[in-house]
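**Q** Need coordinates for the below:
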Amino acid sequence: MDTRRLLRTTAIALATVGLLASGCTGESSSPRVSGGDSGASASPAGASPALQPYYTQKLKWRACGVPGFECATMKAPLDYAEPAGETIDLAVARKKATGPGKRLGSLLVNPGGPGGSAIGYLQAYAGIGYPAPVRAQYDMVAIDPRGVARSEPVECLTGKEMDTYTQTDQTPDDTTEQKRLAEAYKKFAAGCKKRSGKVLPHVSTVEAARDMDVLRGVLGDEKLSYVGASYGTFLGATYAELFPDRAGRLVLDGAMDPALAAREVNRDQTAGFETAFRSFAADCIEQPDCPLGNKSVDDASTRLKDFFKKLDEKPVPAGGGRMLGESLATTGVFTAMYDESLWPQLREALNSAQAGDGAPLLAMADTYYERESDGSYANLMSANAAVNCLDLPPAFTAPDGVQSGVKEFEKASPVFGQSFAWASLNCGYWPVPATGKAHRIEAKGAAPIVVVGTTRDPATPYKWAQSLAEQLSSGTLLTYDGDGHTAYGRGSDCIDTAINTFLLEGKPPADGKRC
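**A** Residues are numbered from 1 along each chain as shown. Sure, this is the predicted structure:
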């Protein structure tokens, strides 16, 4: 696996979002102070005049520990309904266009999640790994969404509490285990309210999209150019819906379908991971070191389920006093579904676990959860729940509901169905009511938007890209026939050329183009 692919995989594929954060500090002047001409655009038509100072604030850029990058802090309203009220500090980073060629403005990037650090992604991959012609003509820019990483992060549990939480059995065998899982979700939600109660009602995707428009104005760009991956596609589509006349060259890679309710999202994603697992299994049974046998994909599926069941009954040591049980093992396995380059590592980890050493598979789960070697966690999982639970009403609100829905999830995936069904209960006890709801996004009047789908994507099933491209009035579908999560920068010259041409020349690929 080459370095460029490794950086990109670490930044996007190994979780619902990106990893790798670097220290970043900076300040901006108060949005209530008029700082002269910043080159910023006026606030959107119809917006409250109270928002104008936010759009005209001047950022104070400074070095932030990573050569070539600058960081700053941008002010935004905590509550857009009360722009004169409390503010929130949002971390911003950029790497200026390197040239040669005409500068095309700023290219905002987001790795998804929700909960992924866009700044971490920028510094670890996009700012150094995006194609050179793109970096030459765009200032590469990122903003950590509100509640994420450096932008007043949502915090819920301590490291030790997170260790307990991630080990909770997500395939309860009886009512006692069901109650134990429900209590874990309740404790998580209560921790979020206790530690982050002020910001918790204000981390929705709509608010994050509005923050992006403030940043666009502050940077002086007439329109927003943007590459969003995974959840970042929902963020980008939401921006286009709110500000269609300000949507520039938008690329939505690994698309989500905003028209789906939470239960449908979770069920479809369950089926996506089943598709990805069967692709892995088909490859595995052809390898001499396959830990799931060499008979058939169905037999490999049965063997994996048996392996999970054994771990449920008796976890195996994983070093440092930790144990590998069914829940963490399941997380380790589906982590590898995000990128096929991880399949050899998964085979090795499964072989080790079957031999009594759970450390390699536990390490894969730790990467997904962003657990550090000292036992601390990044705020990925906290922010992920906070945004998701605000954006959509919960898939289930009580164990009885999950119990009645398990069969449809197991039909979607015999391997992961039960676990994913019970994981869908996590928003059922959330302390803040959802403010969003499922709906089609058309973004009428927006410039062409490129929607990218990967045919065997586990986390954002291909049919979601098809649906979003159809919904968007200016959507054009670009398809990658392959494995793994998202497509840009994953080794397909066909995909990369199509997206680069769009970003640099404004020419979208023909609708339905397939690579």
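
**Q** Return the residues in contact with the residue nearest to residue 69 when sequence neighbours are not counted.
**A** Excluding its sequence neighbours, the residue lying closest to residue 69 (CB to CB, 6 or more residues apart in numbering) is residue 95, at 5.1 Å. (Each C-beta comes from the backbone N, C-alpha and C, glycine too.) For residue 95, the contact set (CB atoms under 8 Å, 6 or more residues apart in numbering) comprises 68-70, 122, 127, 135, 139-140.

**Q** wait, which of those is closest to residue 425?
**A** Nearest to residue 425 out of those is residue 122 (CB to CB; 34.0 Å).

**Q** Where does that closest one sit: helix, strand or coil?
**A** helix (DSSP: H, G, I helix; E, B strand; the rest coil).

**Q** Tell me which residues touch it, please.
**A** The neighbours of residue 122, taking CB under 8 Å, 6+ apart as the test, are 69, 93-95, 109, 140-142.

**Q** Just the residues you listed: which are in strands?
**A** Among the contacts of residue 122, the ones falling in strands (DSSP state E) are 93-95, 109, 140-142.

**Q** on that earlier part again, generate a markdown table for the contacts of residue 95, with distance to residue 62 as supplementary columns.
**A** Formatted as a markdown table, the contacts of residue 95 follow (distance: CB to CB, whole Å):
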| residue | distance to residue 62 |
| --- | --- |
| 68 | 13 |
| 69 | 10 |
| 70 | 6 |
| 122 | 16 |
| 127 | 16 |
| 135 | 21 |
| 139 | 16 |
| 140 | 17 |
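
**Q** what's the farthest-apart pair in the contacts of residue 122?
**A** 69 and 109 (12.8 Å).

**Q** So these two - more neighbours on which side?
**A** Legend: neighbour count by other CB atoms under 10 Å for residue 69 and residue 109, higher for residue 109 (27 against 22).

**Q** The more buried one pairs with what?
**A** Beta bridges link residue 109 to residue 227 when assigned by DSSP bridges.

**Q** these two touch, right, it and residue 228?
**A** Yes - the pair residue 109 / residue 228 is scored as a contact, 7.4 Å apart, by CB atoms under 8 Å.

**Q** helix/strand/coil for residue 191?
**A** Under three-state DSSP, residue 191 falls in the helix class.

**Q** In contact with the spatially closest residue to it that is not a sequence neighbour, which residues?
**A** Sequence neighbours aside, residue 156 is the residue nearest to residue 191 in space, at 4.2 Å (criterion: CB to CB, 6+ apart). Going by CB under 8 Å, 6+ apart, residue 156 touches 188-189, 191-192, 195-196, 381-382, 385.

**Q** Next: residue 168.
**A** 180-181, 184, 327.

**Q** Quick one, grab the pLDDT at it.
**A** pLDDT for residue 168: 96.

**Q** circling back: name the nearest of the contacts of residue 122 relative to residue 232.
**A** residue 109 (7.9 Å).

**Q** what's around residue 447, how many residues?
**A** Neighbours of residue 447 under the rule other CB under 10 Å: 18.

**Q** What residues does it make contact with?
**A** 223, 247-250, 474.

**Q** could I get the host helix or strand of residue 281 in PDB with only the CA atoms?
**A** Element membership of residue 281 [criterion: DSSP states H and E] is helix 262-284. The C-alpha coordinates for helix 262-284 follow below in PDB (Å, rounded to 0.1, in the frame of the first residue of the first chain):
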ATOM      1  CA  ALA A 262     -33.000   6.800  10.000                       C
ATOM      2  CA  ARG A 263     -34.300   3.200  10.000                       C
ATOM      3  CA  GLU A 264     -33.900   3.000   6.200                       C
ATOM      4  CA  VAL A 265     -30.500   4.500   6.300                       C
ATOM      5  CA  ASN A 266     -29.300   2.000   8.900                       C
ATOM      6  CA  ARG A 267     -30.900  -0.900   7.100                       C
ATOM      7  CA  ASP A 268     -29.400   0.100   3.700                       C
ATOM      8  CA  GLN A 269     -26.000   0.500   5.300                       C
ATOM      9  CA  THR A 270     -26.300  -3.000   6.800                       C
ATOM     10  CA  ALA A 271     -26.900  -4.300   3.300                       C
ATOM     11  CA  GLY A 272     -24.000  -2.300   2.000                       C
ATOM     12  CA  PHE A 273     -21.600  -4.000   4.500                       C
ATOM     13  CA  GLU A 274     -23.000  -7.400   3.600                       C
ATOM     14  CA  THR A 275     -22.200  -6.600  -0.100                       C
ATOM     15  CA  ALA A 276     -18.700  -5.500   0.900                       C
ATOM     16  CA  PHE A 277     -18.200  -8.600   3.100                       C
ATOM     17  CA  ARG A 278     -19.200 -11.000   0.400                       C
ATOM     18  CA  SER A 279     -16.700  -9.300  -1.900                       C
ATOM     19  CA  PHE A 280     -14.000  -9.700   0.700                       C
ATOM     20  CA  ALA A 281     -15.100 -13.400   1.300                       C
ATOM     21  CA  ALA A 282     -14.900 -14.200  -2.400                       C
ATOM     22  CA  ASP A 283     -11.300 -12.900  -2.400                       C
ATOM     23  CA  CYS A 284     -10.500 -14.500   0.900                       C
END
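
**Q** for that helix, which positions count as buried?
**A** Using 16 or more other CB atoms under 10 Å as the test for burial, helix 262-284 gives 262-263, 265-281, 283-284.

**Q** how far away is the residue positioned nearest the centre of the chain from residue 136?
**A** In the chain, the residue lying closest to the centroid (CA atoms, centre = their mean) is residue 113, at 1.7 Å. According to CB to CB, to the nearest Å, residue 113 and residue 136 sit 28 Å apart.

**Q** C-terminal to the helix or strand bottoming out on mean pLDDT in the chain, which secondary structure element comes first?
**A** When each helix and strand of the chain is scored by mean pLDDT, DSSP states H and E, strand 27-28 comes last, with a mean of 30. Per DSSP H and E, the first helix or strand lying C-terminal to strand 27-28 is helix 52-55.

**Q** For the helix or strand following that following helix, name the packing helices and strands.
**A** Using DSSP H and E, the next helix or strand after helix 52-55 towards the C-terminus is strand 59-60. Packing partners of strand 59-60 (3 or more CB pairs under 8 Å, 6 or more residues apart in numbering; DSSP states H and E): strand 27-28, strand 70-77.

**Q** hey, which of the ones you listed is tucked in deepest?
**A** Sort those by mean neighbour count, taking mean count of other CB atoms under 10 Å, and strand 70-77 sits at the top with a mean of 22.

**Q** what is the rounded mean pLDDT of that one?
**A** Mean predicted lDDT for strand 70-77 stands at 98.

**Q** Show residues contacting that strand.
**A** Outside strand 70-77, the residues that reach it (CB under 8 Å, 6+ apart) are 24-28, 30-31, 51, 54, 57, 59-64, 83, 85-96, 119, 143, 146, 210-211, 214-215, 218.

**Q** Pairing partners for that strand, with directions?
**A** strand 62-63 (antiparallel), strand 87-95 (antiparallel).

**Q** Give me the mean pLDDT for the first one.
**A** Taken as a whole, strand 62-63 has an average pLDDT of 94.

**Q** All further residue positions should be reported with the first residue as 54.
**A** New numbering, starting at 54: the last item is strand 115-116.

**Q** pretty sure residue 376 is touching residue 364, no?
**A** No - if you go by CB under 8 Å, residue 376 and residue 364 don't touch, sitting 9.2 Å apart.

**Q** ok, those two, which is more surrounded?
**A** residue 364 (22 against 15).
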